[in-house]
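Undergrad: Need a 3D model of the sequence below.
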Amino acid sequence: MSPQVCSGTLRAVISVTARLAGPTYIQAMTKMNNRAAWIEGPLVQCETTPVPALVSWRLILLGPPGVGKGTQAELLQRRLRACHLSSGDVFRAASSRKECNQSPAMKEALGQMRRGELVPDSTVWAMVRERKGCLQCAGGFILDGFPRTLRQAESLKDLLDTEGLKLTAVVNYALPFSEIVARLGGRRTCEKCNAVYHIMERPPRTAEKCDHCDGKLFPREDDRASRSKCDWRHTRGAQHR
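TA: This next block holds a predicted model:
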């Protein structure tokens, strides 16, 4: 794969086509950082703070749901020691918090999701901006699932410019749509620790139970084939505007 030089804060954009051969899911890694500030909000402190590295990697992973961004983020986190910041984890954590512990942006997003509406860019950005301290982490970050639209990308760029932060690279993952649907149909996520399994390729030792915390495994709402198709086209369109 050959990087393409890009203007602005993006130093390189790399297009990656996933291979179909072999297992697509890996054993969940031991988390080096519980990401509490990212998942629960800015008022909560992480248990550990990454030691500043000579090079702080700041990466954005793009691609449709099910293409393997989360799996690749875990591998990159293990290698680079940067924090894995998933926007999906923020939404899932928000839905499990008591209403009194939800920020205004969380309440707004959850209300829209319960009504079956797409969460607008302004709300998604408000939730991410609440956690801008995580983008300043000394260990760097691997941003997974955000930005999804051009407007979100522009907001992120403005924030990084204001904070004097530069991205290392943006990586775009591609996979045939039929394979994406097959992956999403069998994917299961732990309700407690967000570990990811697959009923065929990486099943848990005990059916419907997480190997690490015994949490219940469930198919995520955004893994339904009908929504995945819409999100995939929406993401592709945003990337090429």
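Undergrad: which stretch of helix or strand covers Arg97?
TA: Under DSSP states H and E, no helix or strand contains Arg97.
Undergrad: ok, how many other residues are close to it?
TA: When neighbours are counted by other Cβ atoms under 10 Å, Arg97 registers 15. No exception for glycine: its C-beta is placed from N, CA and C like everyone else's.
Undergrad: if I read this right, it contacts Glu40, doesn't it?
TA: Yes: the pair Arg97 and Glu40 qualifies as a contact (Cβ atoms under 8 Å) at a distance of 7.4 Å.
Undergrad: Doesn't Asp161 belong to a strand?
TA: No: secondary structure of Asp161 (DSSP: H, G, I helix; E, B strand; the rest coil): helix, not part of a strand.
Undergrad: Residue ranges in this structure under the pLDDT threshold?
TA: 1-33, 49-53, 221-241 (pLDDT under 70).
Undergrad: And the strands in it?
TA: Using DSSP state E, the strands of the chain run over 13-17, 58-62, 83-86, 141-144, 169-174, 187-190, 196-198, 217-218.
Undergrad: what residues are up against Ala195?
TA: 28, 189, 210-213, 215 (Cβ atoms under 8 Å, 6 or more residues apart in numbering).
Undergrad: How about Ser96?
TA: Ser96 sits in contact with Glu191, where contact means Cβ under 8 Å, 6+ apart.
Undergrad: quick one: it and Glu191, what's the gap?
TA: 8 Å (Cβ to Cβ, to the nearest Å).
Undergrad: before we move on, what about Leu118?
TA: From Leu118 to Glu191 the distance is 23 Å (Cβ to Cβ).
Undergrad: for Val181, same thing?
TA: On the measure of Cβ to Cβ, Val181 and Glu191 end up 23 Å apart.
Undergrad: neighbour-wise, which of those two wins?
TA: Per other Cβ under 10 Å, whichever of Val181 and Glu191 has more neighbours is Val181, with 16 against 13.
Undergrad: now the more buried one: how far from Gly66?
TA: Remark: distance between Val181 and Gly66 (Cβ to Cβ) = 8 Å.
Undergrad: wait, isn't Ala36 in contact with Thr48?
TA: No: when contacts are counted by Cβ under 8 Å, Ala36 is not listed as touching Thr48 (9.8 Å).
Undergrad: Settle it for me: which of these two has more neighbours?
TA: Between Ala36 and Thr48, counted using other Cβ under 10 Å, the more crowded position is Ala36 (16 against 12).
Undergrad: give the contact list for that one.
TA: 44-47.
Undergrad: how close does the residue of the chain most remote from its centre sit to Gln152?
TA: Distance from the centre of the chain peaks at Thr206, with 26.3 Å (Cα atoms, centre = their mean). As judged by Cβ to Cβ, Thr206 and Gln152 stand 38 Å apart.
Undergrad: for Glu191, same thing?
TA: Counting by Cβ to Cβ - Glu191 and Gln152 are separated by 27 Å.
Undergrad: Can you show me the helices along the protein?
TA: In the chain, the helices defined using DSSP state H lie at 36-40, 69-80, 87-95, 104-114, 121-129, 132-135, 150-163, 177-186, 225-240.
Undergrad: Out of the ones you listed, the one nearest Ala169 is which?
TA: Closest approach to Ala169 among the helices of the chain (Cβ to Cβ): helix 69-80, 10.6 Å.
Undergrad: Run the angle between the closest one and strand 169-174 for me.
TA: Computed by axes from the mean of the first three to the mean of the last three Cα atoms, to 10 degrees, the angle separating helix 69-80 from strand 169-174 equals 140 degrees.
Undergrad: List the buried residues for helix 69-80?
TA: 69-74, 76-77, 80 (16 or more other Cβ atoms under 10 Å).
Undergrad: same deal with stretch 168-177?
TA: Within stretch 168-177, the residues that qualify as buried are 168-173, 175, counting by 16+ other Cβ under 10 Å.
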